[in-house]
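In: One predicted model, sequence on top.
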Amino acid sequence: MATYLVNDAAVARCRELIDKRQYVLDSDWGQVQPNAEAQNAFLEHHSWDDYAAWHLGLTEGAHDGTKARYAFAYGDLRRVHRTALIACVYRASEWRHKEIELAAHDLLQHLDRVSG
């Protein structure tokens, strides 16, 4: 099983987007999460650092500048999705990635406070 580090830059970016009210509170994450085509289109116009900022986890052992390096997406490459944060909490909890789980949980609580 892969192990992950918390991507502190992504946590900060997610918090910033929430504070700027760049979020979606109700969505079907399974339908709106970026597929490979959307990710590739994003990478055509953005840096790997920009791509990384949409992922709460960094896969240990995977190289920067590869999709394998980044895990636990929290948004659609434009906005934070509440359902994505819930999915991150759930997946991280299920596979016992405690640091990712706690980071996603804290962001979810922050989103709920800000959105009222």
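Out: Received the coordinates, thanks.

In: give me the element the nearest residue to residue 104 once chain neighbours are set aside is part of.
Out: Nearest residue to residue 104, sequence neighbours excluded (Cβ to Cβ, 6 or more residues apart in numbering): residue 88, at 3.7 Å. (Each C-beta comes from the backbone N, C-alpha and C, glycine too.) Using DSSP states H and E, residue 88 falls within helix 82-94.

In: next structured bit after that helix?
Out: Assigned by DSSP H and E, the successor of helix 82-94 is helix 98-115.

In: returning to that earlier point: is the residue nearest to residue 104 in contact with residue 99, as I believe?
Out: No. With contacts counted by Cβ atoms under 8 Å, residue 88 stays clear of residue 99, the gap being 11.7 Å.

In: Compare the two (neighbour count), which wins?
Out: When neighbours are counted by other Cβ atoms under 10 Å, residue 88 comes out ahead of the other of residue 88 and residue 99, with 27 against 14.

In: give the contact list for residue 43.
Out: residue 51 (Cβ atoms under 8 Å, 6 or more residues apart in numbering).

In: Confirm that it sits in a helix.
Out: Yes. Using DSSP: H, G, I helix; E, B strand; the rest coil, the assignment for residue 43 is a helix.

In: and residue 51, that one's in a helix?
Out: Yes. Counting by three-state DSSP, residue 51 is part of a helix.

In: Not counting sequence-adjacent ones, nearest residue to it?
Out: In space, residue 51 is closest to residue 43, 5.8 Å off (Cβ to Cβ, 6+ apart).

In: How about the contacts made by the nearest residue to residue 23 once chain neighbours are set aside?
Out: Spatial nearest neighbour of residue 23, chain neighbours left out: residue 80 (4.2 Å); criterion: Cβ to Cβ, 6+ apart. Applying Cβ under 8 Å, 6+ apart to residue 80 gives the contacts 14, 17, 18, 22, 23, 24, 74, 107, 111.
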